[in-house]
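Visitor: Quick check, what structure comes out for this input:
(2 chains)
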Amino acid sequence: MNSIYFYLAVPLLPLVASICVGILGRKLTDFFASSVTILSIFIAFVLSCITLNETLNGLVLNQTVYQWLLTGHYQFEIGFLIDNLTAMMMVVVTFISLMVHIYTVGYMKGDPGFRRFFSYISLFTFSMLMLVMSNNFLQLFFGWEAVGLVSYLLIGFWFERSTAIYANLKAFLVNRVGDFGFILGIALILHWIGSLDYATVFKSSDIIVAHTMQLFGQPVPVITVICILLFIGAMAKSAQVPLHVWLPDSMEGPTPISALIHAATMVTAGIFMVSRISPLFELSNTALSFIIIIGAITALFMGLLGIIQNDIKRVIAYSTLSQLGYMTVALGASAYSVAMFHLMTHAFFKALLFLGAGSVIIGMHHDQNIQHMGNLKKYMPITWITFLIGSLALIGTPFFSGFYSKDSLIEAVKLSHIPGSYFAYFAVLVGVFVTAFYSFRLYFLVFHGKEKWRLQKSAHRDAYHQGLNPKDNPHESPFSVTLPLVLLAIPSVVIGYMTIEPMLFGSFFAKSIFLDIKAHSTMEYLTHHFYEIYHGPLGMALHSILSLPFLFALSGVALAYYCYQVNSNFPKAILNRTQTIYRILENKYGFDAFNEKFFALGSRLLGERFWRVGDEKIIDGWLVNGIAKSISKLAEKIRLIQSGYIYHYTFAMVIGIFLFLTFFIKI
Amino acid sequence: MTHILSYSIWTPIFLGGLILLLSGKVSDIQAKWLSLSSSIISFLITIRLYTDFDFSFGQFQFQEFFHWIPAFHINYHLGVDGFAVPLILLTSFTTVIIIMASWRSIEDRVAQYMAAFLIMSGLMIGVFSALDAMLYYIFWEATLIPMFLVIGIWGGPNRIYATIKFFLYTVLGSLLMLVAFIYLYLHTNSFEVVNFYNAGLGLYTQILIFLALFMAFAVKIPMWPLHTWLPDAHVEAPTGGSIILAAVMLKLGAYSFIRFAIPIAPEAAIYLKGFMVTLSLIAILYIALIAIVQKDMKKLIAYSSISHMGFVTLGLFMFNSIGIEGAYVQMISHGFISAAMFLSVGILYDRLHTRHIADYGGVIHAMPTFTAFAVFFAMANCGLPGTSGFVGEFLVIMSAMQNNFWIAVIASSSLIFGAAYSLWMVKRVFYGEVRNQKIRALKDLSWREFFIVSILALLIILVGVFPKIITDMTNATTVQFLEHIHFIKPITLLPLDV
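Guide: Okay, the predicted model is just below:
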């Protein structure tokens, strides 16, 4: 199937479904709206699988769909690049999207925005597919911003809540800061290479290596500037410090989209982008160092914030931030395939955790505080088992999918020699302990221990929901909710074991990801270890039992067990000793306060100043009205001359004649 | 059909005049239908310009020529190239939109109101198609009169201040333009634009000519610091006036830079590039910051218009094809988007008679369909890819990077600030809790309103997804234009096909 129309159908199906449901919205029944979109996503998923099968058999397709614009010698096109990397992303995106679609039927039941929600998530799937299937930077940017738009719409889905519409504006603006860098990077590429087509750019990337440009009075290699600017885009989309601030707030949106957009797919767009254009990033060690340091900071410090959260979704949100940091670290270590591998496994288990959290939230009647939960394993067995699987995968338990990706990642960082990799290694190692601790803190508080909602005086209540009554029992969620949980739990367990060999050490990414083996030998060492020491995935898991990451993870779980199962006074005791640190964590290191005071308030003050002083006082007051006033003042003076008395005029005339004669008549 | 340009100009003027004459004799509703059909006829005539134009070469086509005032060598000379055709289509299209948009909101002197817009559209098409400087000047000044009346008669409470300011600002600039034209007439002994192009002036003269023309055109665009008339005019103008002002009238200035200032004084234009670029960047950044803090929706959109027009002038003065065509797409796109934005404000104003952002909140609860459109337009306004707003900004940023890294950095800042002012307004007006009972009682779009906003939305998407339809019109002319600027290659007229 080499026809471009076949591949075009994959993104267009969700688009058509989205438009139908969006426009006809109120005339459709809920059932029809959900069926149409689910069907279209299902077909898109099947087509994606067929595509993956074909690319596995060696297909690489790079073809234009249509010419978008032509000016001078620049042409911009819309087109697809289909290879293993793309096909893998297509399958992941459509699969998670399908799961979320099915889940939503149960989760959003009875919500007045039911159809609107389906329209949005289908639109999101379209945008994300356009992003991953693109064969040029322009279309990448298209998809990039389009997923941002849908994220905006979905975070603000419950538009009557002030927190939601604050969060969606914030998310869009922070993402725009990233896009600001991104578009400049694209502009630099166009300027130096004259094309935005991936293939052309990669082919001529050695042209720009030799060039430098003057920035702040210093010569800087062009390639470094390009890579860092593009990475700024990735920092916003993939929520890296300091542009991460929007992601925790995005939890204001409904839970299914937290799983789809803010955990599994959209936020990984930055990781995908860097891997896709690895031929450029490989040329700049400075950019790679920058990436690895940013990633390490995110991985460690955002994980720490997860420890003190009490909102079930926020714990998982910070966990997502931290895991995105891990992927970024892998990018910086030139282990792009490891980053993509972790992206894939993370998509499954993190979507599982979010959807599981959603199931818990339904069970608790929209009370999201984990301090009100406990012993839910008794009431929600499927949610319990699948959530446990997700948590085990997240912390990197041997044989689970998360283990293979995370362990390879940590090892890759250890082997990297890029400046900053030592710090990164430290960060990801400590991060393992932190991840295990917050994950199992959450797990024990929610599924084990006392049934704490029974200890509340009355049901938790906010403006929109009534929580679970102390006397009531939570119930397991409906089938449409538990089915996706089970379907996601399966890959969370097995996908790592099954795919690690071809993805990391085989030729799966050979045609998609470019490595400068001489300069960055990480992957080579990693492959060597895998075959010579471990002899395959089974050996890798067995070997890990004695490795540092496993011990760190184990001690994290053990500490969580001690704190929340054995001696529940212990956390409070620690808290009292470490008030300062707690306060810093509670204020999220002060990023929000700084942005609010400096950027938001600053630009408004500046605008106000420009308006009141620049426009109203100087231009209008002094110049426009000033000229008008001085003319009228002048006229007022001149008016006095026109007195109406004949003798005044005669006098002026005589003087005039006199002057005239003096100057012009030569005697 | 020969004389297609004359038909395009005089049909709406003639029909508008007819409606004025009939104004006492027909009922309001008849006047509305008459005006609507007149505007549609005029629009259909201009469609012929698009279908019959040969876009593969960039010279003036559809020429019409006869001597008008032989004593001063003033001719009635019309002709259009790839730069004029898209704007003419925009003008006649916008007129149809305005007449539909004013259907319910104007109750006083309906016939006169509609006639003013018909006449104005003919005059503006005249500006876009005149190849004789005097003819151009007359059309240019004449467009002021209907606009002056529209604001002065159907405007808001402070309309007298706004009209006087608007009129004085523009007339002052135009007078300097007249001086420049007279100088050029004395130099070439003709008012033919093409003769002006090939006059071979020295640099010093070119700079003076350029600055004189600059005063006229910069006021119209408007460029900082000559912009303060625009927010006042918009706030006082009725919805239709705001739409025509933003969608078409501002483009007269940008078009005139391309038609007159730059090709007549190319060396001066390159010499003064830094000056023009600085003003454009100030418009983009400074004005965007001002837009953020506006409390009146119309003022906010007016400031956002100025900021967007900054992209037009920035693109023009990059002197490369991507910049010029980017500026062109930006002009057309801004025509659609600003029309849509002002129309949206008009829709709210018709219902609640206030434009203050603070008076709104939670409109989405009562008007979900309208909110969907308004959010879409706001997104287009901040340059979301897939909408026309993106194409122009994107191309201009690309062209800015060809010149200088920092120009591109400042221009790209509009990505952030554009989103800030557009979406912050959306948040305060449309989202959140319902602010008061009046908002709860709002009625969603009528079929007429729905029809208008959907046409605009479809066009915004069309240009966003297939911008080629616009650049196909301008490609050849851009090549010719750039050759003239950079290599002083003479621009020639085709022989008249009379």
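
Visitor: what residues does the stretch 301-450 of chain B put near chain A?
Guide: The stretch 301-450 of chain B comes close to chain A at residues B:320-322, B:325-326, B:362, B:364-365, B:375, B:379, B:384-386, B:390-391, B:394-395, B:397-398, B:400-402, B:405, B:408-409, B:412-413, B:415-417, B:419-420, B:423-424, B:427, B:430-433, as judged by CB under 8 Å from any CB of the partner chain. Yep, even glycine has a C-beta here, placed from its N, CA and C like the rest.

Visitor: Nearest spatial neighbour of A:Phe400, chain-adjacent residues omitted?
Guide: A:Ala393 (4.2 Å; CB to CB, 6 or more residues apart in numbering or on different chains).

Visitor: Over to A:Ala234?
Guide: Nearest to A:Ala234 is A:Gly270, by CB to CB, 6+ apart, at 2.9 Å.

Visitor: so which helix or strand takes in the one you found?
Guide: Per DSSP states H and E: A:Gly270 is located in helix A:269-276.

Visitor: Show me what that helix is packed against.
Guide: helix A:84-107, helix A:114-133, helix A:137-155, helix A:222-237, helix A:312-332, helix A:336-363 (3 or more CB pairs under 8 Å, 6 or more residues apart in numbering or on different chains; DSSP states H and E).

Visitor: Recalculate using a threshold of 6 Å.
Guide: In this structure, helix A:269-276 packs against helix A:222-237, helix A:336-363, with contacts taken as 3 or more CB pairs under 6 Å, 6 or more residues apart in numbering or on different chains; DSSP states H and E.

Visitor: Can I get the helix or strand just after that helix as PDB, trimmed to CA atoms?
Guide: Later in the chain than helix A:269-276, the nearest helix or strand by DSSP H and E is helix A:278-281. The C-alpha coordinates for helix A:278-281 follow below in PDB (Å, rounded to 0.1, in the frame of the first residue of the first chain):
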ATOM      1  CA  SER A 278      18.400  13.700  15.900                       C
ATOM      2  CA  PRO A 279      20.700  14.400  12.900                       C
ATOM      3  CA  LEU A 280      20.700  18.000  14.000                       C
ATOM      4  CA  PHE A 281      21.100  17.500  17.700                       C
END
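
Visitor: which residues are in contact with helix A:278-281?
Guide: With contacts defined as CB atoms under 6 Å, 6 or more residues apart in numbering or on different chains, helix A:278-281 is touched by A:Phe202, A:Ser205, A:Cys227, A:Val274, A:Ala287, A:Tyr336, A:Ile513, A:Phe514.

Visitor: now stretch B:179-192
Guide: Here stretch B:179-192 has contacts from B:His73, B:Ile74, B:Asp132, B:Ala133, B:Met134, B:Asn195, B:Phe196, B:Ala199, B:Ile209, B:Ala212, B:Leu213, using CB under 6 Å, 6+ apart.

Visitor: could you redo the last one with a cut-off of 7 Å?
Guide: Residues outside stretch B:179-192 that contact it (CB atoms under 7 Å, 6 or more residues apart in numbering or on different chains) are B:73-74, B:77, B:131-134, B:137, B:195-196, B:199, B:209, B:212-213.

Visitor: ditto for stretch B:332-351
Guide: Against stretch B:332-351 from outside (CB under 7 Å, 6+ apart): B:86, B:90, B:94, B:97, B:101, B:104-105, B:239, B:242-243, B:246-248, B:251, B:297-298, B:301, B:305, B:308, B:355, B:370, B:374, B:377, B:380-381, B:388-389, B:391-392, B:442, B:449, B:452-453, B:456, B:459-460, B:463, B:470.

Visitor: hey, C-alpha coordinates of that stretch in PDB?
Guide: Extracted in PDB, the C-alpha atoms of stretch B:332-351 (Å, rounded to 0.1, in the frame of the first residue of the first chain):
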ATOM      1  CA  ILE B 332      -6.100  39.500   3.400                       C
ATOM      2  CA  SER B 333      -6.100  37.400   6.500                       C
ATOM      3  CA  HIS B 334      -6.400  40.400   8.700                       C
ATOM      4  CA  GLY B 335      -9.300  41.500   6.500                       C
ATOM      5  CA  PHE B 336     -11.200  38.400   7.400                       C
ATOM      6  CA  ILE B 337     -10.200  38.100  11.000                       C
ATOM      7  CA  SER B 338     -10.700  41.700  12.000                       C
ATOM      8  CA  ALA B 339     -14.000  41.700  10.300                       C
ATOM      9  CA  ALA B 340     -15.000  38.600  12.200                       C
ATOM     10  CA  MET B 341     -13.700  40.000  15.500                       C
ATOM     11  CA  PHE B 342     -15.500  43.300  15.100                       C
ATOM     12  CA  LEU B 343     -18.600  41.500  14.000                       C
ATOM     13  CA  SER B 344     -18.400  39.300  17.200                       C
ATOM     14  CA  VAL B 345     -18.200  42.400  19.300                       C
ATOM     15  CA  GLY B 346     -21.100  43.900  17.300                       C
ATOM     16  CA  ILE B 347     -23.200  40.700  18.000                       C
ATOM     17  CA  LEU B 348     -22.600  41.200  21.700                       C
ATOM     18  CA  TYR B 349     -23.200  44.900  21.600                       C
ATOM     19  CA  ASP B 350     -26.500  44.500  19.800                       C
ATOM     20  CA  ARG B 351     -27.700  42.400  22.700                       C
END
